[in-house]
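In: structure for this input, please:
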Amino acid sequence: IINGFRIALIINISTAALGALIGAGGLGELIFGGISLMQTEKILAGAIPTAMLALLGDFICRLSHSFIVPKGIRIKS
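Out: I've put the predicted structure just below:
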């Protein structure tokens, strides 16, 4: 269940950038504005923070996994 939540969180963060296509704003405006103007700097200004936010969300989910799941039923990896 926790891994499913983690995957859903990452997918939601990644697709939030698509909100710019319907006028919702966010980092997607930088990405799609950079694509339409062919400016790599604008694309990276939106893509790098989006990727970092997804990685941070994944890290927090993994960290909270060690506190939520009891020691006796954790899978060793």
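In: check the offset of the lowest-mean-pLDDT helix or strand in the chain from the chain's centre.
Out: Ranked by mean pLDDT, DSSP states H and E, the weakest helix or strand in the chain is helix 2-15, scoring a mean of 91. Distance of helix 2-15 from the chain centroid (Cα atoms, centre = their mean, to the nearest Å) equals 8 Å.
In: please shift the residue numbers so they start at 48 in all later answers.
Out: Renumbered: residue one is now 48, and that last one reads helix 49-62.
In: what's the neighbour count on the nearest residue to residue 75 once chain neighbours are set aside?
Out: Excluding its sequence neighbours, the residue lying closest to residue 75 (Cβ to Cβ, 6 or more residues apart in numbering) is residue 67, at 3.0 Å. C-beta: built from backbone N, CA, C; applies to glycine. When neighbours are defined as other Cβ atoms under 10 Å, residue 67 has 18 of them.
In: over to residue 75?
Out: Residues near residue 75, counting by other Cβ under 10 Å: 20.
In: could you do the one 10 residues further on as well?
Out: A total of 8 residues lie near residue 85 under the criterion other Cβ under 10 Å.
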